[in-house]
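> next come a sequence and a model predicted from it.
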2 protein chains.
Amino acid sequence: MKKENNAENMTRRQLIGRVAALGLVLSQNPYGRTTQAGGLPLTELDDPTKKLGVFPGKIGTRSTFEKLEKTTSQTSSRSPLQDFHGTITPSDLHFERHHGGVPVIDPERYELIIHGMVEKPMKFSLHDLKRFPSVSRISFLECSGNYRGGNEKLTPQQICGLTSQSEWTGIMLSTLFREVGLKPKASWFLAEGGDAAVMTRSIPISKGLDDAMIVYAQNGEAVRPEQGYPARLFLPGWEGNTSVKWIRRIEVSDAPFMTREETSKYTERVKDGKIRQFSVVMDARSIITFPTYPQVVERGWIEIRGIAWSGRGRVTLVEISVDNGKNWYPARLQEPVLNKAHTGFRFLWQWDGRETVIMSRVYDDTGYRQPFLKELQDARASRGGYHFNPVTPWRLKPDGSVVLADAVPRIRSNRDK
Amino acid sequence: MKKENNAENMTRRQLIGRVAALGLVLSQNPYGRTTQAGGLPLTELDDPTKKLGVFPGKIGTRSTFEKLEKTTSQTSSRSPLQDFHGTITPSDLHFERHHGGVPVIDPERYELIIHGMVEKPMKFSLHDLKRFPSVSRISFLECSGNYRGGNEKLTPQQICGLTSQSEWTGIMLSTLFREVGLKPKASWFLAEGGDAAVMTRSIPISKGLDDAMIVYAQNGEAVRPEQGYPARLFLPGWEGNTSVKWIRRIEVSDAPFMTREETSKYTERVKDGKIRQFSVVMDARSIITFPTYPQVVERGWIEIRGIAWSGRGRVTLVEISVDNGKNWYPARLQEPVLNKAHTGFRFLWQWDGRETVIMSRVYDDTGYRQPFLKELQDARASRGGYHFNPVTPWRLKPDGSVVLADAVPRIRSNRDK
């Protein structure tokens, strides 16, 4: 009897204790309704089922357990590819590359001017642009200087983090060209940004009439300031700098304008000391993002994962080698495989724990195969620079550590010089 | 001569002035390298080409010109559909619906237990889950209580903001079921969350073996705390609450468990006073997001925009009426049209400025047509509640203002009672 009474008392006390604890959290919660779980201190972890959680907020937040950051320089920042899953890049982790920093542009004062060899020069407000028929597409955007190598302790972010992917929404540039009326000799246009660099590039009209867009939204919301707010040019598959951010002026002409960014910069040396200019399409590339430096893996089943893409069309095949290039096997591609888009690939493999080198190579629907580093170096007579898209090999060591397995001296891309 | 000298001096002074201004911004920039343009005060707007912008940051931010917020209650928050472009929902604007708030779960201590009618009960750490073959898919997630009506001053967010879309990455639940081995009589499983509500639902094994996933990533990064960090069940096309967040236990059985959330809640009345239970698939629905309340439009060309989806498969057709349902025309669908996914639709229309009612209705690949409000009310003998997916009509008034055009008294969904 006594024992039963005690048990009853214990139960009642426990119940009261729980209710009181819940009340305490409710009344003393210092985080308010708009603070998310991400902000809670780690000391409150003990048993999440025993305390009321944080209420819904107006804006969600990332978990504090997740450390996601871009690496930065004065002119660029790189996406942490090794931390990503899937193909959409969170907008706040999209790579950046600026020539004069991120300007602040009031969307109410924003204007896009189209003039030059057109029937009717016109100015468009942001409101005007949003009234035209709109389109969305998921596509990657990549800087032409997206390469680094030659040091075995490099992450995918450091080697290849100047590529990101978003769902872009805006209007076809061809819609605006129809509005202003192109004159018969129109064959190029200048795209000019409203940043401190007044960044300019010459683009063939053919690209403008093909799949060029003026985009005002990215992953569902307005384009971020770092990506061209309130509107940017977007040229699917072309090197990032041609997708001029903060676009304010388009001048139609019958010849390229030979701006600074297409003469002193964004060209590359090829054999015989010649310089290649207007090499704007991003060739097919793939990179394994797991397992890579600085990850450590265990022997047994490993799913090799990565992304592949081509500025010329669709990825048709990604091949994996787990024996330093002797044999190649097709990877599984994530459906749907989109045009000019990062495409996820996966390859399940049983590692016996012996040192080996793994690598991926991609083919696109033009028949192009991603080149090996040596092939690129021979063709370019250089050890790096723009449009450097080599196969990236990773060495798995018996202790499970992973390092970059290319052997050439450390090379920085042209634009870091 | 004098004049020329003056001109030279002016030019030189202007140049020096510019350089000095740039230097000032550089040295006195109070925002640091990790602060984005979004944080700049509006007083620095004058001419963005005349001052150096903000350097790249480790984390990007939304422009301060963009006011994006969820509406919140104690148990839910709604996505601002009228502010979105495209189909991906920014992760921090994904709707929320909790039964005990957002718990804090240490990913290092996280475990998923699978037991019951299995050959080999097992525990999986988050690290274990990530070693299995992974998949990604873009799919919507919608709360079954996603309805509000009867008041003309309601936004798409208020009417229908309990649906959002992400690219989800994780593993197929069937992979784990193969690992533990289902016993012959296994036909249902219990999914239990690790939140303060210890939320539980019974799910048929057939769904678990079809397209059910355990997801640990959302839009490229770890699942957000509000969406189930570090891992949740994800049942494509099924009502949101069955995709149990913070999943910690799966118990396999030969019958449903009749938990609180499938007896007292998440059922709906149909005719003759009967109650429908385990009505878990989200039927096809569409909603116009532009033009809607509180937007104001001008006469002339208007692109009617919105999203449509079905929990049963693909959207095959969205029809638009601009004359209160007399005539219907096909809208343009954004490609690719994905299975169980928000699909963008657009319809270009010239408004003559006279009062009218516009609406959209969707068909899916099962042949189902989205019902009108009256059809739903008659079938359910109720004026709202779970799985209420009526055609949403919008009245355009001659002054360009837009209001919800359904005439029934304001109804709140079941779960707001």
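Yep, that arrived. Numbering: from 1, shown residues only, chains lettered A, B, ... in the order given.
> anything in the helix or strand harbouring A:Phe177 near chain B?
Under the criterion of DSSP states H and E, A:Phe177 resides in helix A:173-180. No - Helix A:173-180 stays clear of chain B (CB under 8 Å from any CB of the partner chain), getting no nearer than 11.0 Å. In this view, the C-beta of every residue, glycine as well, is placed from N, C-alpha and C.
> pLDDT of the helix or strand that that helix is followed by, averaged?
Later in the chain than helix A:173-180, the nearest helix or strand by DSSP H and E is strand A:188-193. Mean per-residue pLDDT for strand A:188-193: 98.
> how far does the helix holding A:Phe177 sit from the chain's center?
Its chain's C-alpha centre and that of helix A:173-180 lie 28 Å apart, by CA atoms, centre = their mean, to the nearest Å.
> ok, residues contacting that helix?
Here helix A:173-180 makes contact (CB atoms under 8 Å, 6 or more residues apart in numbering or on different chains) with A:112, A:114, A:118-122, A:124, A:132-133, A:205, A:208-210, A:212-214, A:233, A:250, A:252.
> show me these that map onto strands.
A:112, A:114, A:122, A:124, A:213-214, A:233, A:250, A:252 (DSSP state E).
> adding neighbour count, distance to A:Lys265 and pLDDT, write those residues out as TSV.
Shown next, in TSV, are these (neighbours: other CB atoms under 10 Å in any protein chain shown; distance: CB to CB, whole Å; pLDDT from 0 to 100):
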residue	neighbour count	distance to A:Lys265	pLDDT
A:Leu112	22	24	98
A:Ile114	22	25	98
A:Met122	15	31	98
A:Phe124	22	29	98
A:Met213	26	24	98
A:Ile214	22	24	98
A:Leu233	27	18	98
A:Ile250	25	21	98
A:Val252	23	23	98
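> and the stretch 201-350 of chain A, which residues reach chain B?
Residues of the stretch 201-350 of chain A lying near chain B (CB under 8 Å from any CB): A:216-217, A:219-222, A:224-227, A:229-230, A:246, A:301-303, A:305, A:334, A:336, A:338, A:344, A:346, A:348.
> can you pull out the strands in the stretch 251-400 of chain A?
A:268-269, A:275-276, A:285-290, A:300-309, A:315-321, A:329-330, A:332-333, A:343-351, A:356-364, A:394-396 (DSSP state E, counting those that start in this stretch).
> now do the contacts for A:Val198.
Counting by CB under 8 Å, 6+ apart, A:Val198 has contacts A:100, A:192, B:49.
> now do A:Asp399
Counting by CB under 8 Å, 6+ apart, A:Asp399 touches A:Val296.
> now A:Ile307: how far from A:Gln157?
Distance, A:Ile307 to A:Gln157, using CB to CB, to the nearest Å: 13 Å.
> joint contacts of these two?
The contact lists of A:Ile307 and A:Gln157 share A:Leu81, where a contact means CB under 8 Å, 6+ apart.
> higher neighbour count, these two?
Neighbour totals were compared for A:Ile307 and A:Gln157, and A:Ile307 leads with 28 against 24 (other CB atoms under 10 Å in any protein chain shown).
> report the contact partners of that one.
A:81, A:87, A:286-287, A:289, A:342-345.
> same thing with A:Leu154?
Going by CB under 8 Å, 6+ apart, A:Leu154 touches A:148, A:293, A:404.
> now chain A, which segments are flagged as low pLDDT?
Scanning chain A for pLDDT under 70 picks out A:1-45, A:407-417.
> show me it divided up by domain.
Chain A breaks down into these domains under automatic domain parsing: A:74-276, A:285-416.
> so is the spatially most central residue of chain A in a helix, a strand, or just coil?
For chain A, A:Ser164 is the residue whose C-alpha lies nearest the centre (CA atoms, centre = their mean; 0.8 Å). What DSSP: H, G, I helix; E, B strand; the rest coil gives for A:Ser164 is strand.
> most tightly surrounded among the strands of the stretch 251-400 of chain A?
Across the strands of the stretch 251-400 of chain A, the average number of neighbours (mean count of other CB atoms under 10 Å in any protein chain shown) peaks for strand A:285-290, which reaches a mean of 26.
> partners of that strand in the sheet?
Partners of strand A:285-290 in the sheet, by DSSP bridges, are strand A:300-309 (antiparallel).
> got the CA positions of the partner strand in CSV?
Coordinates of the C-alpha atoms in strand A:300-309 are reproduced here as CSV (Å, rounded to 0.1, in the frame of the first residue of the first chain):
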residue,chain,number,x,y,z
GLY,A,300,33.6,-0.3,-47.3
TRP,A,301,30.7,1.2,-49.3
ILE,A,302,31.2,4.8,-50.4
GLU,A,303,28.8,6.8,-52.6
ILE,A,304,31.0,9.0,-54.7
ARG,A,305,29.0,12.2,-55.3
GLY,A,306,29.5,15.3,-57.4
ILE,A,307,28.1,17.7,-60.0
ALA,A,308,28.6,17.9,-63.7
TRP,A,309,27.5,20.6,-66.2
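> and the angle from it to strand A:315-321?
On the basis of axes from the mean of the first three to the mean of the last three CA atoms, to 10 degrees, strand A:300-309 is oriented at 140 degrees to strand A:315-321.
> tell me the angle of strand A:300-309 relative to strand A:343-351?
160 degrees.
> strand A:300-309 vs strand A:356-364, what angle?
30 degrees.
> how far off centre is strand A:300-309?
The chain centre lies 18 Å from the centre of strand A:300-309; the measure is CA atoms, centre = their mean.
> how close does A:Cys143 sit to A:Trp309?
13 Å.
> correction: the previous question concerned A:Leu209.
On the measure of CB to CB, A:Leu209 and A:Trp309 end up 23 Å apart.
> now the helices for chain A?
Taking DSSP state H as the criterion, chain A carries its helices at A:2-28, A:126-131, A:156-160, A:173-180, A:205-209, A:373-380.
> residues contacting the residue nearest to A:Thr366 when sequence neighbours are not counted?
Excluding its sequence neighbours, the residue lying closest to A:Thr366 (CB to CB, 6 or more residues apart in numbering or on different chains) is A:Arg312, at 5.0 Å. Residues near A:Arg312 by CB under 8 Å, 6+ apart: A:237, A:281, A:283-284, A:340, A:364-366, A:368.
> now swap in A:His94 and tell me
Contact analysis of A:His94 by CB under 8 Å, 6+ apart lists A:79, A:141, A:164, A:166, A:218, A:224, A:226-227, B:60.
> nearest to A:Met359, out of those residues: which one, please.
A:Ser79 (20.9 Å; CB to CB).
> coming back round to it: make JSON lines out of the contacts of A:Leu154 and add neighbour count and distance to A:Phe372.
Formatted as JSON lines, these follow (neighbours: other CB atoms under 10 Å in any protein chain shown; distance: CB to CB, whole Å):
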{"residue": "A:Arg148", "neighbour count": "23", "distance to A:Phe372": "17"}
{"residue": "A:Tyr293", "neighbour count": "21", "distance to A:Phe372": "20"}
{"residue": "A:Leu404", "neighbour count": "22", "distance to A:Phe372": "14"}
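> out of the residues you listed, the closest to chain B would be?
Using CB to the nearest CB, A:Arg148 is the member of the contacts of A:Leu154 that lies nearest chain B, at 16.1 Å.
> would you check that that closest one makes contact with A:Pro156?
No - A:Arg148 is not in contact with A:Pro156 according to CB atoms under 8 Å; the separation is 10.4 Å.
> now the strands of the stretch 251-400 of chain A in a markdown table, with distance to B:Arg137?
Formatted as a markdown table, the strands of the stretch 251-400 of chain A follow (distance: least, CB to CB, whole Å):
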| stretch | distance to B:Arg137 |
| --- | --- |
| strand A:268-269 | 38 |
| strand A:275-276 | 40 |
| strand A:285-290 | 19 |
| strand A:300-309 | 15 |
| strand A:315-321 | 18 |
| strand A:329-330 | 21 |
| strand A:332-333 | 13 |
| strand A:343-351 | 11 |
| strand A:356-364 | 22 |
| strand A:394-396 | 27 |
